[in-house]
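Enquirer: Task: produce atomic coordinates for the following.
(one chain, ligands or ions: 2)
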Amino acid sequence: MSGAPGTPKIPYGGDYNPEQWPAEVADADHRLFTKAGVDTLTVGVFAWSLLQPAEDVYDFEVLDRILDRAAAEGRRVVLATGTAAVPPWLARRYPEVNRTDFEGRRHGYGQRHNFCPGSPAYRRLSTALADRVAERYAGHPALLAWHINNEYGGACYCGLCADAFRDWLRDKYGTLDALNDAWWTTFWSHRYTDWAEIEPPSALTEHWRGPDHTAFQGITLDYHRFMTDALLGCFLAEKEAIRAHSASTPVTTNFMGLFRPLDYHRWAPHLDFASWDSYPPLDAPPTVPALAHDLMRGLKDGAPFWLMEQTPSTTACRDVNPLRRPGELRLASWQAVAHGADAVLYFQMRASRGACEKYHGAVIGHAGRDDTRVFREVAALGRELAELGPATLGARTPARTALLFDWDSWWALEISDGPSRLVKYPDVVHAYYRAARAAGADVDVVPVTADLSAYDVVLAPVLHLVKGDLAERLEAVAERGGTVVTSFLSGRGDEHDRAFLTDVPGPLGALTGVRVDEWDSRPADVTNPVRLGEGESGLEAAGRLVFEIVTPLGVAEPVGTYTSDFYAGSPAVTRNRFGRRGGEGWYVATRLDDAGTEWVVRRVLDRHGLVGPYAEHAGVETAHRVAPDGRTLLFLLNHTTDPVELTAHATGTDLLTGKRTGRGDPLALDPLGVAVLRLE
Ligand code: GLA
Ligand code: ZN
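Expert: Ligands and ions are numbered 1, 2, ... in the order given. Sure thing, here's the model as predicted:
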């Protein structure tokens, strides 16, 4: 079984916790849901202590009530297994379920998302709960999908996890010789002679100054991979319990976009469909949530994902929690759909009365009103989605540009001593993504193992580790006539973060045609102006953070040069002709500012005819999806608070208004406005 649940329209609704309320409140809620066009409820996410008040007592009265009521009202349920927050009795009886943190402190009962993934008691009891829930509700008419746990994350450093880490290493390496070699343990006298000598890398062992400062990158990298797999093991145990009762209802768990602790690419094959919770800082540019949407779509080979949570108005967990301005919720929702979301869901339907999320935005606030601005905007969007029907469901993004995203490179870069602690993987990746999106290109954000044969352009910034046959597959892109762009701090390490015994950028050397012998890393306020191109079409951009000193080899030619310091006049950006079909390998040796990154990326996209027709309208985002019937949908999103007037580049009908616009006709977008054109 694979794929998202089949639905007649975009599912709309969200997290709903009526177990926090007296039964009468549910009547009012459902009246309001109908008014708002809500057809889908995520329930039971934090209900464990009610469903199982003691180890041998299960009580499903409350869930029965919620699901039966939903079914009676014609709504569908995304049913959680409820295992993300353990009940107090469980932690008291089996203290091993409480995590041991990075500093080595065994925690006491409290909060959520804090179970030890190696705890046999947690595994047994969470699986048993999933089993009971699945047995009881597998055939329920309201059931639409399974939602295992919630926002898996974090790490544990207890003795059980240490043992499990040793087993995981034994499976991975087979022999201690192989492990010693991978971790380069002759450094600082670390040669292991017994698996039992291996400790999880923590504040008490290999680390100082926190989780990013490690004496052995190889050990810390493996612990990140191991924790990813340990938590995945919890997910898989629950999924197996569900599958014993429910053979085909799709299973997911809600991810968090660019979430560093877990390599979601290791999880992706095990989900029937991807889903995620979008809470961008509200002052972030729209490309921040867009990048996360595209990363989530890339998890399942471009298949649509679900927007499992977003706030209708405001978050509560930040120091300040800005309100979504009128129109912003609608725009963010259509943006998700534009990038491949086949569901639009909120956290939360009704505000909780107490505890830390009582100020979190909700469709229904404490007073239960339907005449608030937020409720009105939610209801208006509900009507729009109902009118749209199935038009976007199952539609796929026809991207010819790929951006590589690699958790191993993220981890390795940010736990590295040198060259610079100031380079943050997501920032650089976002800069290249933003540049491609500003030029109007659809972008698939894909793992380094993805098939690259459909892409004309592959962006591979800060590809710190180059693993397996990736270098050859990137060369194949250029051999076909495509262009690959990579950057500073790429090609530095193998899968264990051991340096390559060749010139930098290691296996990317042939493709880029450059050699880097030295690099200068400087504080954030130091810039070295980079002269890009020549004359009118040229630009002076700022380089920052890391300045690699590049020697072009063979046919590589400078496209940009540093203008100051002892390496003034030497190349900061190069392009290398590669293969016989006009392919190129570009190398950007410094962290260019946004203008510089855009200059580079746009030139590359332009070579392949991938600059979009509305690229000159900053603030207007475009995205394409191709529906299962083969028709192309063009989403136009005006992220500015001014009206915009475009000239239509093709004939199409706006599915939101029914209005047909001919090629060459004026096409107006309201402030924060959206159009979904079905092109002819
Ligand atoms: C997450 C969780 C929810 C809730 C929201 C609040 O996404 O899954 O339970 O805590 O954040 O923003
Ligand atoms: Zn543990």
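Enquirer: Please point out which parts of stretch 283-299 sit buried.
Expert: By 16 or more other Cβ atoms under 10 Å, the buried positions in stretch 283-299 come out as 286-299. C-beta coordinates here come from the backbone N, C-alpha and C atoms, glycine included.
Enquirer: what's the neighbour count on Asp177?
Expert: 11 (other Cβ atoms under 10 Å).
Enquirer: now for the host helix or strand of it, which elements pack on it?
Expert: Secondary structure assigned from DSSP states H and E places Asp177 in helix 176-183. Using 3 or more Cβ pairs under 8 Å, 6 or more residues apart in numbering; DSSP states H and E as the contact criterion, the secondary-structure elements in contact with helix 176-183 are helix 159-173, helix 217-243.
Enquirer: any idea which of these is most buried?
Expert: helix 217-243 (a mean of 21; mean count of other Cβ atoms under 10 Å).
Enquirer: that older thread, from the buried residues of stretch 283-299, pick the one nearest ligand 1.
Expert: Looking at the buried residues of stretch 283-299 and their distance to ligand 1, the nearest is Ala292, at 12.8 Å (Cβ to the nearest ligand atom).
Enquirer: Please name the nearest non-neighbouring residue to the residue most central in space within the chain.
Expert: The C-alpha lying nearest the average C-alpha coordinate of the chain belongs to Gly257 (Cα atoms, centre = their mean; 2.4 Å). Counting by Cβ to Cβ, 6 or more residues apart in numbering, Gly257 lies nearest to Ala292, which is 3.2 Å off, once chain neighbours are set aside.
Enquirer: Give me the pLDDT value at the one you found.
Expert: Ala292 carries a pLDDT value of 99.
Enquirer: which SS class is it?
Expert: Secondary structure, DSSP: H, G, I helix; E, B strand; the rest coil: Ala292 is helix.
Enquirer: Can you classify Arg531 as helix, strand or coil?
Expert: On the three-state scheme (three-state DSSP), Arg531 is labelled strand.
Enquirer: my guess is it contacts Gly538, does it?
Expert: Yes - here Arg531 lies in contact with Gly538, judged by Cβ atoms under 8 Å, at a distance of 6.7 Å.
Enquirer: Give the residue from the two that has the larger number of neighbours.
Expert: A direct count of neighbours by other Cβ under 10 Å for Arg531 and Gly538 places Arg531 higher, at 19 against 13.
Enquirer: who's in contact with the more buried one?
Expert: When the contact criterion is Cβ atoms under 8 Å, 6 or more residues apart in numbering, the partners of Arg531 are Gly538, Glu540, Gly560, Thr561, Thr563.
Enquirer: any idea how far Val320 is from the last one?
Expert: Going back to what we said before, that points to Thr563. Shown here: Thr563 relative to Val320, a distance of 40 Å by Cβ to Cβ, to the nearest Å.
Enquirer: per-residue pLDDT, the residue of the stretch 401-550 of the chain found nearest ligand 1?
Expert: Nearest to ligand 1 in the stretch 401-550 of the chain, going by Cβ to the nearest ligand atom, is Pro426, at a distance of 18.5 Å. Pro426 carries a pLDDT value of 98.
Enquirer: and it, what element?
Expert: With elements delineated by DSSP H and E, Pro426 resides in helix 425-438, which encompasses its position.
Enquirer: Now for Ala196: which residues touch it?
Expert: The contact partners of Ala196, by Cβ under 8 Å, 6+ apart, come to Arg166.
Enquirer: tell me the SS of it?
Expert: Under the three-state scheme (three-state DSSP), the conformation of Ala196 reads as helix.
Enquirer: mind checking pLDDT for it?
Expert: Ala196 carries a pLDDT value of 98.
Enquirer: What separation is there between it and Ala627?
Expert: Looking at Ala196 against Ala627, where the rule is Cβ to Cβ, the gap reads 57 Å.
Enquirer: Would you agree Trp519 falls within a strand?
Expert: Yes - Trp519 sits within a strand when classified using three-state DSSP.
Enquirer: That one touches Val423, doesn't it?
Expert: No - proximity of Trp519 to Val423 does not meet the contact threshold set by Cβ under 8 Å, at 11.2 Å.
Enquirer: Neighbours of Ala336, how many?
Expert: Residues contacting Ala336 under the criterion other Cβ under 10 Å number 26.
Enquirer: For it, what are phi and psi?
Expert: Its backbone dihedrals place Ala336 at phi -60, psi -50, with angles given as degrees, to the nearest 10.
Enquirer: Helix, strand, or coil at the spatially closest residue to it that is not a sequence neighbour?
Expert: Using Cβ to Cβ, 6+ apart and skipping residues adjacent in sequence, the residue nearest Ala336 is Leu307, 4.4 Å away. Here Leu307 is recorded as strand under three-state DSSP.
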